[in-house]
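Undergrad: below is the sequence, then the predicted model.
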Amino acid sequence: MIRLQAVRKEDRDLLWNINQKYLYEMTLYYPDPMDGKGNLHYGHFDEYFTDPRREAFFLFDDDTMVGFAMLCPYSYIGRNPDYTLAEFTIFPSCRRRHYAWDAVHLILKSHPGHWEIKYNEKNAAAGKLWTAVAAPYHPAVHRLNEEETVLEFANLPKSMPVKVQFYDQVDDRKLRFAVIVTRTEGHWVFCRHRERSTLEVPGGHREPGEDILTTAGRELHEETGAIDFSIEPVCAYSVTAPWNFNGEETFGMLFCADVKVFEKELHSEIQEIVIQDDLPSAWTYPEIQPLLMQEVQERRKMTVPVVAEEVSLTEDVLAELTALSKDWEAENSCYGYRANQRDDLEGKRIFLARKQGRTVGYLFGKCIRSEHMRSIMPEGSSCFEVEEIYVVPSGRSQGTGKALFEFASDAVSGEADYMTLSTATKNWKAISHFYLDELGMTFWSARMFKRIGKGGAE
């Protein structure tokens, strides 16, 4: 387990030596000259043992040193941070073991406040790490030059949770932002800022003297390139968060828009627009924008599309399907049903139904040749036998099962002439309606039972 050990005065030479090795490695990005003794210059080093605002830590995994970190109050961007990550490294032989991630979060947890972290764009691994570390705190991104970027964020105590509220009316003078939940041809439209890897809903600040509807239209055009669209207000909202305007409640207007035509090129800080059926797995503002999306959907009764896909049996898929089948078993809706195990799924074609990135149903089966089915098809006909089709309770009566079945039918149509299945459901009226009326299947046979005596095993 990773732990921090404060560097003491008697550790000065050790810290100097390992910092020098780190600086040699950094000459890939900062080719500084060595002095006559082979050392690289490092100003303010001795201040880490005299200035209480500077701290240094050795990073240990149990008793093994795996790296070090140095903190200082210097600002690269003219601010007054509580902490700047001056140096941080995991020794080369210890990398790719999650030490960096664990150590950084341990440092952040023990040092709440305003932070700056600088990285060199040429150091792709560092850029990926620091961007991911800072993402939950919604950092301001500052480009110092063509090679260096500074992430500025507040890692404040979460005594004040993020609070999002919705209002039918708010004094227009309070509205500072416009957020536009956008669709095109039934798909969601999101933006990716050129300095972020996350997605966000189009929106932005209101300009002085600007009507809030004008703000929404302008931001939608600037961030998505929309030139032919309809737009309407939905409701006002507010956000209260410790990292947002010093915890002040700030207000905005929520809009929904439908875009018919986009410009071919974007002319803003947005790198690209992303059009998809699912909601993002990586949000720029994960504590806020999913709630705004949900509010618009509920107020405008927007249907969320079902996305069906065929998948391979990876470990993640196996875990997901076994968990869902355990839920099905717990429903006790089918005679003799038990949750799936790996053997039940191996060698099968598997199809998933997703809504907003969440799996809400599955279907699996295999292709067979018909036997003893002459009354309905020629012997030896190619069939896809559906072994299971399941939709979570919250996804039923919404077209999920039908979309899943039709997708699977299209996917196997080149190999099979028939879709076949059996059912042991206890709710035969509902399932018959689903299979016969909604899916257009044909009834073939049924096996029924009625207990008439007390004999036999209990």
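TA: Ah, there it is. Numbers count the residues shown, from 1 in each chain.

Undergrad: and D277, what does it touch?
TA: By CB atoms under 8 Å, 6 or more residues apart in numbering, the contact list for D277 reads H187, W188, P305, V307. Just so you know, the C-beta spots here come from the backbone N, C-alpha and C atoms, and that holds for glycine as well.

Undergrad: can you count the residues close to the last one?
TA: The burial metric for V307, expressed as a neighbour count using other CB atoms under 10 Å, is 17.

Undergrad: okay, and the beta partners of it?
TA: Beta-bridge pairing for V307 (DSSP bridges): R354.

Undergrad: residues contacting it?
TA: By CB under 8 Å, 6+ apart, V307 lies in contact with D277, D278, A353, R354, K355.

Undergrad: and the nearest residue to the third one once chain neighbours are set aside, how far is that from A424?
TA: To tie it back to what came earlier, the one meant is A353. Take A353 and drop its neighbours on the chain: the residue closest to it by CB to CB, 6 or more residues apart in numbering is G361, 3.8 Å away. To A424, G361 is 18 Å away according to CB to CB, to the nearest Å.

Undergrad: the more surrounded of these two?
TA: G361 (23 against 12).

Undergrad: those strands in the stretch 201-350 of the chain, which residues are they?
TA: 203-205, 226-240, 250-262, 270-276, 307-311, 349-355 (DSSP state E, counting those that start in this stretch).

Undergrad: excluding chain neighbours, what is closest to the residue nearest the centre of the chain?
TA: Among the residues of the chain, the one closest to the centroid is S281, at 2.0 Å (CA atoms, centre = their mean). Leaving aside its sequence neighbours, S281 sits nearest to G357 (CB to CB, 6+ apart; 5.7 Å).

Undergrad: count of neighbours near that neighbour?
TA: Every residue meeting other CB under 10 Å relative to G357 is counted, giving 12.

Undergrad: can you check A330 too?
TA: By other CB under 10 Å, the burial measure for A330, its neighbour count, is 9.

Undergrad: next: M441.
TA: 17.

Undergrad: isn't it up against Y435?
TA: Yes - M441 lies in contact with Y435 (CB atoms under 8 Å); the separation is 4.7 Å.

Undergrad: overlap in contacts of the two?
TA: Joint contacts of M441 and Y435 (CB under 8 Å, 6+ apart) are L421.

Undergrad: what about the protein, any weak spots by pLDDT?
TA: For the chain, applying pLDDT under 70 flags the ranges 157-160, 195, 243-246, 302-304, 356, 455-458.

Undergrad: quick one, helices of the stretch 151-300 of the chain?
TA: In the stretch 151-300 of the chain, the helices defined using DSSP state H, counting those that start in this stretch lie at 212-224, 289-300.

Undergrad: which residues touch the closest residue to E146 other than its chain neighbours?
TA: Excluding the flanking residues, the one nearest E146 by CB to CB, 6+ apart is E121, at 7.5 Å. Listed by CB under 8 Å, 6+ apart, the contact set of E121 reads G127, E146, E147, E148, T149.

Undergrad: got those as a markdown table, with distance to L404 and neighbour count columns?
TA: A markdown table is the format used below for the contacts of E121 (distance: CB to CB, whole Å; neighbours: other CB atoms under 10 Å):
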| residue | distance to L404 | neighbour count |
| --- | --- | --- |
| G127 | 40 | 16 |
| E146 | 49 | 7 |
| E147 | 49 | 13 |
| E148 | 49 | 16 |
| T149 | 44 | 21 |
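
Undergrad: in helices only, show me those.
TA: Taking DSSP state H, the ones among the contacts of E121 that sit in helices are G127.

Undergrad: hang on, the earlier thing: of the contacts of D277, which is the nearest to R374?
TA: V307 (38.9 Å; CB to CB).

Undergrad: how much space separates that closest one from E200?
TA: From V307 to E200 the distance is 21 Å (CB to CB).

Undergrad: same question, G395
TA: Distance of G395 to E200, given as CB to CB: 27 Å.

Undergrad: please apply the same query to S75.
TA: For S75, the distance to E200 equals 27 Å [CB to CB].

Undergrad: quick one, which of those two is more surrounded?
TA: The residue with more neighbours, out of S75 and E200, is E200; 21 against 14, by other CB under 10 Å.

Undergrad: of the contacts of V307, which is the most crowded?
TA: Using other CB under 10 Å as the neighbour criterion, A353 leads the contacts of V307 with 28 neighbours.

Undergrad: quick check: that one touching V306?
TA: Yes - counting by CB under 8 Å, A353 touches V306, with 5.3 Å between them.

Undergrad: so what sits against both of the two?
TA: With contacts taken as CB under 8 Å, 6+ apart, the residues that reach both A353 and V306 are V360, T400, A403, L404.

Undergrad: which pair in the residues you listed spans the largest distance?
TA: Pairwise over the shared contacts of A353 and V306, using CB to CB, the maximum falls at V360 and A403, 10.1 Å.

Undergrad: who has more neighbours out of the two?
TA: V360 (24 against 17).

Undergrad: domains of the protein?
TA: Here the domain parsing of the chain from automatic domain parsing is 2-155, 163-300, 307-438.

Undergrad: want to throw those domains into JSON lines with distance to F449?
TA: As requested, those are exported to JSON lines (distance: least, CB to CB, whole Å):
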{"stretch": "domain 2-155", "distance to F449": "56"}
{"stretch": "domain 163-300", "distance to F449": "43"}
{"stretch": "domain 307-438", "distance to F449": "9"}
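
Undergrad: of those, which approaches R451 most closely?
TA: Relative to R451, the nearest member of the domains of the chain by CB to CB is domain 307-438, separated by 13.4 Å.

Undergrad: please consider this matter closed, and thank you.
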